[in-house]
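K.L.:
sharing a model that was predicted from the sequence below.
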Amino acid sequence: MYENGKPNFVSYNVTVLIESILLYYFFFIILNGKIIKRIVFLLIIIFVIFWLFFFTTLGVNVYYDFCSNIENVSILILISIYLFQQVVSINTPYIYRDPNFWVISAYFIYFSGIFFMYIYIDTLSLKEAANYYSLEYVFIIVRSLLLSTAMIIKPVKDNFNNNFSVRQKNFE
Amino acid sequence: MIKPIFAEIQPILLGTLGMIFLALTLIVFIVFHQRRVIRYQLKMQYMEAEQQQILLHASIALQEEERQRIAADLHDDAGPLLATARLYLTENLVNLDKASQLQSIFSAKQIIDEAIQLVRNISHSLMPPTLKNFGLESAVNDFFQKINGAGSLNVNCRFNDYKVRLKPEKELIVFRVIQELINNILKHSNSSFIHLTQNNGEENFLIRLHHDGRGLTQEDFIKMSKSPNGLGLKNIQSRLKVVQGNIYFEQDISESFYKVTIDIPRDFDGK
């Protein structure tokens, strides 16, 4: 992210673009409901349009903070939708045995942690803002740990609902 | 020097801490909520299985009771009758005079007729012929006439909309449930009248029984169906389960009589 002591905004902006598209795609897969899937799809398009707009108007050497904020807020909203869906309907026997849950937790904690920082960072001087980057590193470490957990955990087959229906059928 | 920076840092730190706290609380809440829901569902499954077990036992017990009754009828009534008939028709009969022979044959014939009637009664108790030939309405009317004949209480029925008969198996189940309910009312309620009405809902076949004696409410019914007693009620429940029907026990608002409603989906078997 740094090149000759100066922040490399090109790679940073590209990272934001790739990360956002991958995350939106992840939500597109895991969220239930046609309307929500369409919204996620729309989000991908809107985000790419914004990114391309900044890319063409501001050039490559400027940090697209607006895109980061859009990513931040939209992912937090999608995480809330995912968690709400988990409360309403139970698809896995134990949510913490589902790798998706750990991915969600990783990004939930990460984006929650950097949410205020990204909003207020423009109001601070470069020196003051530098103090906060260490805070972001902490959240990146936490995110990485949780993502590693998601990778370690083996996905559990949905036996819970199947067992229930089989048992019902046996009695009927 | 430190103070002003700290004053500027504070809102961001507080916000970040707040957000993290919120995120963690939400995650923990969801994990615990899900565990609680799963535990609740498992408990419900267990209770359902237990209830099914009780119903199964009740239905087996009832079947055994029925078999014992038939066995007793055959052994105690049909057996002696046929044995007596056999006595009349011994080899010694040929040595008797004609008048005695005729008397013996006549007696044996009478006894065999009695045995035939007994077997017929047993068969009718298993499957009422009126129900088979003329349908539920006639069978219920027939059944009610017999009760009215005793003169102890007034029993009547009205079928408001029964032009299309239910499937025979369904009719038998409804008839057995009505029989069981009437038996229960006769045994326990001390009522002076029983009134049965039949109606059709949009997709349901409805039977309602009114009586003015001591009755059950839905809570009583649920309680009794979970207890080891109340074999008849469990039998009703298991019979209705076969046709995906429901039964509701309630007391009228005036508290002067009790109502029992049997609700059966008409299109259950795609007819």
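P.N.:
Yep, that arrived.
K.L.:
neighbours of B:Ile194, how many?
P.N.:
25 (other CB atoms under 10 Å in any protein chain shown). All C-beta spots, glycine's among them, are computed from the backbone N, C-alpha and C.
K.L.:
the residue in chain A positioned nearest to chain B sits in which helix or strand?
P.N.:
Proximity of chain A to chain B (CB to the nearest CB) peaks at A:Phe116, 3.2 Å away. Taking DSSP states H and E as the criterion, A:Phe116 maps to helix A:99-120.
K.L.:
helices or strands up against that helix?
P.N.:
When contacts are defined as 3 or more CB pairs under 8 Å, 6 or more residues apart in numbering or on different chains; DSSP states H and E, helix A:99-120 sits against helix A:9-30, helix A:65-88, helix A:126-152, helix B:2-72.
K.L.:
can you redo the ones you listed as TSV with distance to B:Ile178?
P.N.:
As requested, the helices and strands packed on helix A:99-120 are exported to TSV (distance: least, CB to CB, whole Å):
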stretch	distance to B:Ile178
helix A:9-30	53
helix A:65-88	42
helix A:126-152	60
helix B:2-72	16
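K.L.:
quick one: which of those helices is nearest A:Tyr120?
P.N.:
Nearest to A:Tyr120, of all the helices and strands packed on helix A:99-120, is helix B:2-72, at 4.8 Å by CB to CB.
K.L.:
that closest one near chain A at all?
P.N.:
Yes. On the criterion CB under 8 Å from any CB of the partner chain, helix B:2-72 is in touch with chain A at B:5, B:8-9, B:11-12, B:15-16, B:18-20, B:22-24, B:26-27, B:30-31, B:33-35, B:37-38, B:41, B:45, B:48-49, B:52.
K.L.:
grab the nearest non-local neighbour of A:Val103.
P.N.:
Spatial nearest neighbour of A:Val103, chain neighbours left out: A:Ala150 (4.7 Å); criterion: CB to CB, 6 or more residues apart in numbering or on different chains.
K.L.:
the one you found: neighbouring residues, count only.
P.N.:
By other CB under 10 Å, 18 other residues sit near A:Ala150.
K.L.:
give the contact list for it.
P.N.:
Contacts for A:Ala150 (CB atoms under 8 Å, 6 or more residues apart in numbering or on different chains) come out as A:Pro99, A:Asn100, A:Phe101, A:Trp102, A:Val103, A:Ala106.
K.L.:
relative to chain A, how far out is B:Phe257?
P.N.:
Noted for B:Phe257: a distance of 35 Å to chain A, by CB to the nearest CB, to the nearest Å.
K.L.:
number of residues surrounding that residue?
P.N.:
Using other CB under 10 Å, B:Phe257 has 18 neighbouring residues.
K.L.:
my guess is it contacts B:Arg208, does it?
P.N.:
No. Using CB atoms under 8 Å, B:Phe257 is not in contact with B:Arg208; the gap is 11.3 Å.
K.L.:
out of the contacts of A:Ala150, which is most surrounded?
P.N.:
Of the contacts of A:Ala150, with other CB under 10 Å as the count, A:Phe101 tops at 26 neighbours.
K.L.:
just the pLDDT at that residue, thanks.
P.N.:
Predicted confidence (pLDDT) for A:Phe101: 90.
K.L.:
now do B:Ala108
P.N.:
Looking at B:Ala108, its pLDDT reads 88.
K.L.:
how about it, nearest residue that isn't a chain neighbour?
P.N.:
Using CB to CB, 6+ apart and skipping the chain neighbours, the partner closest in space to B:Ala108 is B:Tyr88 (3.9 Å).
K.L.:
that neighbour against B:Leu102, yeah?
P.N.:
No. If you go by CB under 8 Å, B:Tyr88 and B:Leu102 don't touch, sitting 11.3 Å apart.
K.L.:
from B:Asn160, how far off is A:Leu146?
P.N.:
Applying CB to CB, to the nearest Å, the value for A:Leu146 to B:Asn160 is 66 Å.
K.L.:
compare these two (neighbour count), which wins?
P.N.:
Neighbour totals were compared for A:Leu146 and B:Asn160, and A:Leu146 leads with 20 against 9 (other CB under 10 Å).
K.L.:
pretty sure B:Asn190 sits against B:His211.
P.N.:
No. If you go by CB under 8 Å, B:Asn190 and B:His211 don't touch, sitting 9.6 Å apart.
K.L.:
these two: who's more crowded?
P.N.:
More neighbours surround B:His211 than the other of B:Asn190 and B:His211, with 25 against 12 (other CB under 10 Å).
K.L.:
list the contacts for the closest residue to that one other than its chain neighbours?
P.N.:
In space, and not counting its chain neighbours, B:His211 is closest to B:Ser191: 4.1 Å by CB to CB, 6+ apart. B:Ser191 makes contact with B:Leu153, B:Ile185, B:His211, B:Asp212, B:Gly213, B:Arg214, B:Phe257, according to CB under 8 Å, 6+ apart.
K.L.:
you'd agree the third one is up against B:Leu196?
P.N.:
When you say that, I think you mean B:His211. No. Judged on CB under 8 Å, B:His211 makes no contact with B:Leu196 at a distance of 9.6 Å.
K.L.:
close to chain B: what parts of chain A are there?
P.N.:
So chain A meets chain B at A:83, A:86-87, A:90, A:93-96, A:105, A:108-109, A:112-117, A:119-120, A:124, A:128, A:131-132, A:135, A:160, A:164, A:167-168, A:171 (CB under 8 Å from any CB).
K.L.:
buried subset of the residues you listed?
P.N.:
Listed as buried from the residues of chain A next to chain B are A:83, A:86, A:90, A:93, A:95, A:105, A:108-109, A:112-117, A:120, A:124, A:132, A:135, A:160; burial here means 16 or more other CB atoms under 10 Å in any protein chain shown.
K.L.:
just put the helices and strands packed on helix A:99-120 in a markdown table and tack on mean pLDDT and distance to B:Gln244.
P.N.:
Formatted as a markdown table, these follow (pLDDT from 0 to 100; distance: least, CB to CB, whole Å):
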| stretch | mean pLDDT | distance to B:Gln244 |
| --- | --- | --- |
| helix A:9-30 | 89 | 36 |
| helix A:65-88 | 89 | 27 |
| helix A:126-152 | 85 | 44 |
| helix B:2-72 | 82 | 14 |
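K.L.:
what's the closest of these to B:Val94?
P.N.:
Judging those by CB to CB, what sits closest to B:Val94 is helix B:2-72, at 35.5 Å.
K.L.:
so after the closest one, what's the next helix or strand?
P.N.:
Next in sequence after helix B:2-72, counting helices and strands by DSSP H and E, comes helix B:79-88.
K.L.:
buried residues in that following helix, which are they?
P.N.:
Residues B:Leu81, B:Leu82, B:Thr84, B:Ala85, B:Tyr88 are the ones in helix B:79-88 that count as buried (16+ other CB under 10 Å).
K.L.:
where's the second one relative to B:Ile70, distance?
P.N.:
Meaning B:Leu82. Remark: distance between B:Leu82 and B:Ile70 (CB to CB) = 16 Å.
K.L.:
B:Asp77 is in contact with B:Leu118, isn't it?
P.N.:
Yes. Counting by CB under 8 Å, B:Asp77 touches B:Leu118, with 5.3 Å between them.
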